[in-house]
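Colleague: coords please:
(chains A and B)
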Amino acid sequence: MVDFAGYRMPIQYHSIRAEHMRVRTTVGVFDVSHMGEFFVTGEGREEFIDRMTVNDVKSMHAGQAQYSCMCMPDGGIVDDLLIYKFEDKFMIVVNAANTKKDWDWLFSHKPSTVEMKDRTDDYSLLAIQGREASAVINQIADSDVTSLRYYTFVDGKACDHPAIISRTGYTGEDGFELYLENEFAPDVWDAVMKAGKRYEIEPIGLGARDSLRLEMKMALYGNDIDGTTNPLEAGLGWITKLNKESDFVGKEQLLKIKEEGVTRRLAAIQLEDSGFPRPGYPILSETKGGEVIGKVTSGTVSPMLNKGIALGYVPVDLAKVGTKLAIDCRGKINAAEVIKPPFYIRPY
Amino acid sequence: MKIPTDLLYTKDHEWVRFNDGIATVGITDFAQGELGDVVFVQMPEIGSATSQGDAFGSIEAVKAVADLYAPVSGEVVEVNSTLEEKPETINSEPYQSGWIIKIKASNWEADKANLLDVAAYTDLTSA
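Modeller: Model prediction:
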């Protein structure tokens, strides 16, 4: 168990690799209640969130979830987050370690007509992930949520308890996330474990959560993105709608960066053999060494590929797919190549 | 957590089984538990020299990397090639098929005095 943003959380329940493979082969369940939930209501809430985040909030319909991030005026990332649009409100889901920072940031920009409520301590979050997630959720939810499209949600019920159920996740698998008031979470957890029994469902710890997202090249705040990185170099250009109408925070600088061209990019790097790239290890310009051109921001040995995989910022001309590089793993120079992400694509 | 009574230990969580001048070396059940899934083991060349307390290799696990320290001085006479294909053997059988190297001890009696017996090692891991 480790302390994670004030929550006691297991790195693993029994084995990071076994838990990883469980999610990749059938289904696993994560208790990610540490994530922060803010509810935003009141007149002008949509304009407010559209101005605070880089993706296009105005294009959202009720029942839709959106991946986005908040930037500072200099383009640095405050946090990456999910936005849920309801008929009468928005829910913003933020990284646990950033809850206070994000709250202060949003609150300080909020117009007086908009109200914000931090419900982090009231809500639990369970993520059911894997190809059998539909079969499990079907036994829990009161309505057919398996017809939900990716990144949509319902304000429904699970085991007769109110639940926000979205088809989202951080693993690259099919899956659902259930937002529940704390008092209902143990009930639903037990029901999920029971419903998943025939698929050998297991609880999944933080370790496998990290390796699963890394195989998908999903960025982790604090490792791959932070206040010193901007979304354009981080591979988040696809959520950064520079042509949207609103003058969102950071837009001016990001437009300038785009015009001038980014100088580095977050590259997906795969080792040729079994080295274990860990955060901080130097990335080198040639397969046999060369000069240091960056450092690993996230790395592991992919359980699916059985090869070292890493993310790290490298100069743009060395970030192209196919570029041969190396990573210095504790003095051992491991030949590597920039690959087209993700490292793993699900077969269904 | 298993701590066999017939072995000697280091404070760095290696174990030693001594037989006919040969010290078989591995890591303890406690150590494998702390490291989590072992993904590979970097082992020395056969014939290389070890010196008590010096690093002879390393273990890469999902959670962390750990150096391996020689419990005795001598010469590496065998490495466990099973670990190249199945490093997870260290997790499943740390004291049997998960052994790492065999050392022909050159100074056993003196080295032995620096190793921990089961009682001392148990104290160390429960501290």
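Colleague: near chain B, which residues of the stretch 151-300 of chain A?
Modeller: Proximity of the stretch 151-300 of chain A to chain B (C-beta under 8 Å from any C-beta of the partner chain) is limited to residues A:207, A:211, A:274, A:276, A:278, A:300. Every residue, glycine included, has its C-beta placed from N, CA and C.
Colleague: quick one: the third one and A:Thr300, what's the gap?
Modeller: Note on A:Ser274: its distance to A:Thr300, by C-beta to C-beta, to the nearest Å, is 12 Å.
Colleague: Number of residues surrounding A:Asp88?
Modeller: Taking other C-beta atoms under 10 Å in any protein chain shown as the criterion, the count of residues near A:Asp88 is 8.
Colleague: tell me the SS of A:Ala335?
Modeller: With DSSP: H, G, I helix; E, B strand; the rest coil as the basis, A:Ala335 sits in strand.
Colleague: which one is it nearest to, not counting chain neighbours?
Modeller: Nearest residue to A:Ala335, sequence neighbours excluded (C-beta to C-beta, 6 or more residues apart in numbering or on different chains): A:Thr287, at 3.9 Å.
Colleague: Contact residues of the stretch 1-150 of chain A facing chain B?
Modeller: A:11-12, A:15-18.
Colleague: Just the helices from the chain, written as ranges.
Modeller: By default, I'm working from chain A. Secondary structure of chain A (DSSP state H): helices at A:16-25, A:45-52, A:99-109, A:133-137, A:185-195, A:206-215, A:251-260.
Colleague: To clarify, I was referring to chain B.
Modeller: Using DSSP H, helices in chain B cover B:29-35, B:82-85, B:89-92, B:108-112, B:118-126.
Colleague: who touches the first one?
Modeller: Put plainly, it is helix B:29-35. Helix B:29-35 has contacts (C-beta atoms under 8 Å, 6 or more residues apart in numbering or on different chains) with B:1-3, B:13-14, B:27, B:38, B:59, B:61, B:63-64, B:66, B:90-91, B:94-95, B:98, B:125.
Colleague: again, only this time at 10 Å
Modeller: B:1-4, B:9, B:12-15, B:26-28, B:38, B:59-66, B:68, B:88-95, B:98, B:121-122, B:124-126 (C-beta atoms under 10 Å, 6 or more residues apart in numbering or on different chains).
Colleague: Return the members of those classed as buried.
Modeller: Burial by neighbour count, 16 or more other C-beta atoms under 10 Å in any protein chain shown: within the contacts of helix B:29-35 this picks out B:3, B:9, B:12-15, B:26-28, B:38, B:59-62, B:65-66, B:68, B:88-91, B:94-95, B:98, B:121-122, B:124-125.
Colleague: on that earlier part again, which among the residues of the stretch 151-300 of chain A next to chain B gets closest to chain B?
Modeller: When these are compared for distance to chain B (C-beta to the nearest C-beta), A:Phe276 comes out closest, at 4.3 Å.
Colleague: residue contacts, A:Thr146?
Modeller: Contacts here follow C-beta under 10 Å, 6+ apart; on that basis A:Thr146 touches A:133-135, A:137-138, A:167, A:174, A:176.
Colleague: Among those residues, which pair sits farthest apart?
Modeller: A:Ala135 and A:Arg167 (14.1 Å; C-beta to C-beta).
Colleague: Looking at the two, which has the bigger crowd around it?
Modeller: Counted by other C-beta under 10 Å, A:Ala135 and A:Arg167 do not tie: A:Arg167 has more neighbours, with 22 against 17.
Colleague: Got the confidence number for the more buried one?
Modeller: Looking at A:Arg167, its pLDDT is 98.
Colleague: and it, what is it in contact with?
Modeller: Applying C-beta under 10 Å, 6+ apart, we find A:Arg167 in contact with A:65, A:133-134, A:137, A:145-154, A:174-177.
Colleague: 7 Å instead, please
Modeller: A:148-152, A:176 (C-beta atoms under 7 Å, 6 or more residues apart in numbering or on different chains).
Colleague: A:Gly235 now?
Modeller: Contacts of A:Gly235 (C-beta under 7 Å, 6+ apart): A:265-266.
Colleague: Look up how far chain B lies from it.
Modeller: 24 Å (C-beta to the nearest C-beta, to the nearest Å).
Colleague: What pLDDT does the model give that residue?
Modeller: Model confidence at A:Gly235, given as pLDDT, is 97.
Colleague: Same question for B:Ala127.
Modeller: 70.
Colleague: what do you get for A:Gly299?
Modeller: 97.
Colleague: mind listing what B:Leu8 touches?
Modeller: Per C-beta under 7 Å, 6+ apart, neighbours of B:Leu8: B:16, B:112, B:115-117.
Colleague: Going through those, which ones are buried?
Modeller: B:16, B:112, B:115-116.
Colleague: picking that back up, which one of A:Ser274 and A:Thr300 has more residues nearby?
Modeller: Comparing A:Ser274 with A:Thr300 by neighbour count (other C-beta under 10 Å), the higher total belongs to A:Thr300, at 23 against 16.
Colleague: wait, doesn't the more buried one sit right on A:Ser211?
Modeller: Yes: the pair formed by A:Thr300 and A:Ser211 meets the contact definition of C-beta atoms under 7 Å, at 4.8 Å.
Colleague: about what we covered before: can you tell me which of the contacts of helix B:29-35 end up in strands?
Modeller: B:9, B:14-15, B:26-27, B:38, B:59-61, B:65-66, B:68 (DSSP state E).
Colleague: out of those, who's nearest B:Leu83?
Modeller: Nearest to B:Leu83 among the ones in strands among the contacts of helix B:29-35 is B:Val38, at 8.2 Å by C-beta to C-beta.
Colleague: Contact partners for the closest one?
Modeller: B:Val38 sits next to B:32, B:59, B:61, B:87-88, B:90-91 when contact means C-beta under 7 Å, 6+ apart.
Colleague: tell me the two of the residues you listed that are most distant?
Modeller: Among those, B:Ile59 and B:Glu88 lie farthest apart (C-beta to C-beta), at 11.5 Å.
Colleague: how about residue 91, what does it touch?
Modeller: Because you didn't say which chain, this covers chain A. A:37, A:39, A:84.
Colleague: if you could check chain B rather than the one you did, that'd help
Modeller: Neighbour list for B:Asn91: B:32, B:37-38 [criterion: C-beta under 7 Å, 6+ apart].
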